[in-house]
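> One predicted model, sequence on top.
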Amino acid sequence: MKPTPKKQPVSNCESCEFYDYDEYDECYCCTMRLDEDEMIRFLGRETASCPYYRYYDEYKSVHKQI
């Protein structure tokens with residue numbers, strides 16, 4: 001029996017830790033710096049999800065402050 005590959009969760013940029021508002025460009029954008037090859041694969045939809053996606057939980061930072 002073949003081992004089943006791990007599925008990466010589908011990324012949603014709006015809930016990602018690296019998705020932030022850029023005041024200079026006045027828009028939301030990804031702050032993760034992808035190299036040229038990674039950007040081409042991501043924009044060309046060759047990858048099912050972003051390899052750098054990290055769910056942003058704003059309550060997690062609040063728990064650390066308490």
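That came in fine, so what should we check first? Numbering: from 1, shown residues only.
> List the beta-bridge partners for Tyr55.
Taking DSSP bridges as the rule, Tyr55 bridges to Cys16.
> Give me the pLDDT value at it.
pLDDT, Tyr55: 88.
> ok, now which ones touch it?
By C-beta atoms under 8 Å, 6 or more residues apart in numbering, the residues touching Tyr55 are Ser15, Cys16, Glu17. C-beta coordinates here come from the backbone N, C-alpha and C atoms, glycine included.
> Arg45: which of these is nearest?
Nearest to Arg45 out of the contacts of Tyr55 is Cys16 (C-beta to C-beta; 16.9 Å).
> Thought Tyr53 was touching that closest one, still the case?
Yes - assessed by C-beta atoms under 8 Å, Cys16 is found in contact with Tyr53 at 5.4 Å.
> the helices in this protein, which residues?
Assigned by DSSP state H, the chain shows helices spanning 36-43, 58-65.
> In terms of mean pLDDT, which of these ranks lowest?
What stands lowest among the helices of the chain, in mean pLDDT terms, is helix 58-65, with a mean of 66.
> In PyMOL, select just the buried ones from the contacts of Tyr55.
To isolate the buried members of those in PyMOL, using 16 or more other C-beta atoms under 10 Å:
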select buried, resi 16
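> how about the contacts of Tyr55 in CSV, adding pLDDT?
Listed next are the contacts of Tyr55 as CSV, based on pLDDT from 0 to 100:
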residue, pLDDT
Ser15, 88
Cys16, 88
Glu17, 90
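> could the contacts of Tyr55 be laid out in TSV, adding distance to Asp25?
Shown next, in TSV, are the contacts of Tyr55 (distance: C-beta to C-beta, whole Å):
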residue	distance to Asp25
Ser15	21
Cys16	17
Glu17	19
